[in-house]
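A.B. asks: here is the input, now give the coordinates:
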Amino acid sequence: MLKLSFPHKTELNKVYQSVIYDDRYMFYNFSSYWDMEVALDNSSWNAIEFLSMDDSGKILGMFRAKIDRAANNCSSLGVINFGEKNITFSRDFHQFLENLFEKFGLHKLEFNIAVGNPAEKMYDRFIHRYGGRIVGILKESTRLHDNKLYDVKLYELFNRDYFEAKQRRILHEKR
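C.D. replies: From the prediction side, this is the model:
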């Protein structure tokens, strides 16, 4: 279930620090250097930050959307799954993305991903499903902590396209 990150910052940082140099997580930060803590915002003005937690209170993952309030856009997404594939995490991620448009009323999502990230195919499907687009690919644009250069794929999704796609799916399901 989705929970606000801020009240759980101590537990979040323990989980984060336990995986910080695991190669499975190198795609989370676009840098060869890692911050040793997740610095959470103390308001929702600049970022919307939630955790995926199981029924026992274990942190499964984190979702962060940086917000550009002047444009009412999400300017970047940060998503990290601290475990293996998990249906609760997947549902929470979907709910988080829905909330960005439906609950928080954002105008547009803009985000990027290092090409080769295991989540890349999932983002491609999400963008296609909701009428967004892959804006382009920046070649050799970031270096990860394995000291290799990676391309960066840029995405955007407007709320109007999201709501149109959602309405089409609802109408299709009624048939």
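A.B. asks: for the most centrally placed residue in the chain, which non-adjacent residue is spatially closest?
C.D. replies: For the chain, the residue lying nearest the average C-alpha position, counting by CA atoms, centre = their mean, turns out to be Val79 (3.6 Å). Excluding the flanking residues, the one nearest Val79 by CB to CB, 6 or more residues apart in numbering is Phe63, at 5.5 Å. For the C-beta atoms, the positions are set from N, CA and C on the backbone; glycine is no exception.
A.B. asks: packing partners of the worst-scoring helix or strand of the chain on mean pLDDT?
C.D. replies: Comparing helices and strands within the chain by mean pLDDT, DSSP states H and E singles out helix 159-174 as the least confident, with a mean of 91. Counting contacts by 3 or more CB pairs under 8 Å, 6 or more residues apart in numbering; DSSP states H and E, helix 159-174 is packed against helix 87-102.
A.B. asks: can you check what angle separates the helix it packs on from helix 159-174?
C.D. replies: Following axes from the mean of the first three to the mean of the last three CA atoms, to 10 degrees, one obtains 120 degrees for the angle between helix 87-102 and helix 159-174.
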